[in-house]
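Enquirer: just to be clear, the model below is a prediction. Sequence and coordinates:
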Amino acid sequence: GLSAESYRRRNEITVTGDNVPPPFTTFEATGFSSEILREVHNAGFSAPTPIQAQSWPIALQSKDIVAIAKTGSGKTLGYLIPGFVHLKRSRNNPQLGPTVLVLSPTRELASQIQEEAVKFGKSSRISCTCLYGGAPKGPQLRDIDRGSDIVVATPGRLNDILEMRRISLHQVSYLVLDEADRMLDMGFEPQIRKIVKEVPSRRQTLMYTATWPKEVRKIAADLLINPVQVNIGNVD
Ligand code: ADP
Ligand code: MG
């Protein structure tokens, strides 16, 4: 409708795909649970950021997404909150492996994502484990054994743990590649491809990137199915 068009124009949102739903311009429009809305309110947020407003309704329809938006635009909650909704629908047993898997390029970024997941998912009783290199494996393996709904991991460490057969990804049905361009720049493509081979093909896949060079387009074409593409601002 007209209001969707004017919201997109005002916020420099461009969308490509079939039947793209209108953006959620307010938190009330999202239909998120009262637990999630309370956390968002407690954080002092007044409205969804443009990437959240446009990618939430698409993600809630279980569609694949490529989101291209610069740093600081609120991408983390852009994929985490629909992930929480997905978790509630899936009713998997976390003891058997995670349902949501987020790949992130660095230990620091992975830790920040886990903090956000813990903060916003706590009242929804969502558990999250973080796996990264440069730290002993023991505590991370113990966290896996305890079971968790969400695993946030750097590709190198997750691949090591997969080779040890200490984690199962057979329940993963919501896969996020965060900072995909940076993961490829860091040389993680082989590890990403090995990890994705362990994830069932019946899944929702979301890719977030700040830039859209041909290497990122190629891996998106290989791993996503008929994605809706959301661009914020002047990214090419
Ligand atoms: P990106 O991944 O796009 O670089 P982040 O997800 O790290 O951005 O978000 C940047 C900052 O904005 C974080 O501190 C986050 O808590 C905050 N933030 C996220 N969503 C909102 C919102 N709707 N309103 C205000 N601040 C937000
Ligand atoms: Mg980010």
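Expert: Perfect, I can see it now. Ligands and ions are numbered 1, 2, ... in the order given.
Enquirer: quick one: contacts for the residue nearest to R38 when sequence neighbours are not counted?
Expert: Excluding its sequence neighbours, the residue lying closest to R38 (CB to CB, 6 or more residues apart in numbering) is S123, at 6.4 Å. (Glycine included, C-beta is placed from N, CA and C.) Applying CB atoms under 8 Å, 6 or more residues apart in numbering to S123 gives the contacts E35, I36, R38, E39.
Enquirer: helix or strand right after the helix or strand bottoming out on mean pLDDT in the chain?
Expert: Among the helices and strands of the chain, helix 2-10 carries the lowest confidence by mean pLDDT, DSSP states H and E, at a mean of 91. As assigned by DSSP states H and E, the chain's next helix or strand after helix 2-10 is strand 13-16.
Enquirer: show me what that next one is packed against.
Expert: The elements that strand 13-16 packs onto, with contact taken as 3 or more CB pairs under 8 Å, 6 or more residues apart in numbering; DSSP states H and E, are helix 2-10, helix 50-60, strand 228-232.
Enquirer: got the phi and psi for the spatially closest residue to L131 that is not a sequence neighbour?
Expert: Leaving aside its sequence neighbours, L131 sits nearest to A153 (CB to CB, 6+ apart; 4.0 Å). Backbone torsions of A153, given as degrees, to the nearest 10, read phi -150, psi 150.
Enquirer: for A153, give the beta-bridge partners.
Expert: L103, L131 (DSSP bridges).
Enquirer: that one: neighbour count?
Expert: 26 (other CB atoms under 10 Å).
Enquirer: over to P190?
Expert: By other CB under 10 Å, neighbour count at P190 equals 10.
Enquirer: how far away is it from S124?
Expert: 35 Å (CB to CB, to the nearest Å).
Enquirer: one more: G187?
Expert: When distance is defined by CB to CB, G187 is 36 Å away from S124.
Enquirer: who has more neighbours out of those two?
Expert: Between G187 and S124, counting by other CB under 10 Å, S124 is the more crowded of the two (19 against 10).
Enquirer: apart from its neighbours in sequence, what residue is nearest the more buried one?
Expert: E35 (4.7 Å).
Enquirer: repeat for R107
Expert: Y132 (3.8 Å).
Enquirer: in stretch 42-61, which residues are buried?
Expert: 48-60 (16 or more other CB atoms under 10 Å).
Enquirer: for it, measure first residue to last.
Expert: Length of stretch 42-61, first residue to last, CA to CA, to the nearest Å: 27 Å.
Enquirer: rounded mean pLDDT for it, please.
Expert: The pLDDT scores in stretch 42-61 average 97.
Enquirer: now do the contacts for L101.
Expert: I150, V151, A153, L169, V172, Y174, L175, V176, I195, V199.
Enquirer: so how many other residues sit close to the residue nearest to N93 when sequence neighbours are not counted?
Expert: With sequence-adjacent residues excluded and distances taken as CB to CB, 6+ apart, N93 is closest to G147, at 7.5 Å. For G147, the count of nearby residues is 14 (other CB under 10 Å).
Enquirer: next one: G147, what pLDDT does it get?
Expert: Taking G147 on its own, its pLDDT is 97.
Enquirer: buried among the contacts of S123? Make that a PyMOL selection.
Expert: Buried members of these, defined by 16+ other CB under 10 Å, are picked up in PyMOL with:
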select buried, resi 35+36+39
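Enquirer: what about the contacts of S123, which are in helices?
Expert: With DSSP state H as the criterion, helices contain E35, I36, R38, E39 from among the contacts of S123.
Enquirer: now pLDDT and distance to Q112 too, for the residues you listed, in CSV please.
Expert: Supplementary listing: those in CSV, determined by pLDDT from 0 to 100; distance: CB to CB, whole Å:
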residue, pLDDT, distance to Q112
E35, 96, 22
I36, 97, 19
R38, 96, 22
E39, 96, 16
